[in-house]
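Enquirer: Quick one: sequence and predicted model below, then my questions.
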Amino acid sequence: MYPVVNLPSRRHSRDDEINYTLCLLCQTRTKQKLRNASEAGMSRIKQALSDRLKYNDVQNVLIMDRLQTVDLEGDFSNIRWHDHCYGPFTHSEHIKRLKAR
Ligand SMILES: [Zn+2]
């Protein structure tokens, strides 16, 4: 038997888990078209994220965790998403419903 090789410890730099060629929200390769992030889009995402964190959204924990590893204040030129991911996440009615619980 060979001795177990020590794997290098996992880097914990910001956003090393994000694949920017995929949708930021679902990180899934689909046939759906990706839309490039815009400044307005980023600000809605940031707002939705902070509201969902505040109201303890348990449905979108995965997306929320992922968004929190991304520098949302920084350059967004490499960020893209699906309309069908962005839409529900930033939908004000969904967020209102969380708030009402
Ligand atoms: Zn998506």
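Expert: Structure received.

Enquirer: Residues contacting the least confident helix or strand in the chain by mean pLDDT, please?
Expert: Taking mean pLDDT, DSSP states H and E as the measure, the helix or strand of the chain with the lowest value is helix 92-100, at a mean of 92. Residues outside helix 92-100 that contact it (CB atoms under 8 Å, 6 or more residues apart in numbering): 48, 51-52, 55-57, 88. For every residue, glycine as well, the C-beta is placed using N, CA and C.

Enquirer: Please point out which parts of that helix sit buried.
Expert: Judged by neighbour count using 16 or more other CB atoms under 10 Å, the buried positions of helix 92-100 are 94-95, 98.

Enquirer: Stretch 21-41 too?
Expert: 22-27, 34, 37, 41.

Enquirer: ditto for stretch 50-58
Expert: Here stretch 50-58 shows 51-52, 57 as buried, counting by 16+ other CB under 10 Å.

Enquirer: Please save the CA atoms from it in PDB.
Expert: Extracted in PDB, the C-alpha atoms of stretch 50-58 (Å, rounded to 0.1, in the frame of the first residue of the first chain):
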ATOM      1  CA  SER A  50     -30.900  40.900   1.700                       C
ATOM      2  CA  ASP A  51     -34.700  40.600   2.000                       C
ATOM      3  CA  ARG A  52     -34.600  36.800   1.700                       C
ATOM      4  CA  LEU A  53     -31.900  36.600   4.300                       C
ATOM      5  CA  LYS A  54     -33.900  39.000   6.600                       C
ATOM      6  CA  TYR A  55     -37.100  37.000   6.200                       C
ATOM      7  CA  ASN A  56     -35.300  33.600   6.500                       C
ATOM      8  CA  ASP A  57     -36.100  32.200   3.200                       C
ATOM      9  CA  VAL A  58     -35.600  28.500   3.500                       C
END
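
Enquirer: picking up where we left off before, Serialize the contacts of helix 92-100 to JSON lines and add fields for distance to the ion.
Expert: Shown next, in JSON lines, are these (distance: CB to the ion, whole Å):
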{"residue": "A48", "distance to the ion": "14"}
{"residue": "D51", "distance to the ion": "20"}
{"residue": "R52", "distance to the ion": "16"}
{"residue": "Y55", "distance to the ion": "22"}
{"residue": "N56", "distance to the ion": "23"}
{"residue": "D57", "distance to the ion": "17"}
{"residue": "P88", "distance to the ion": "10"}
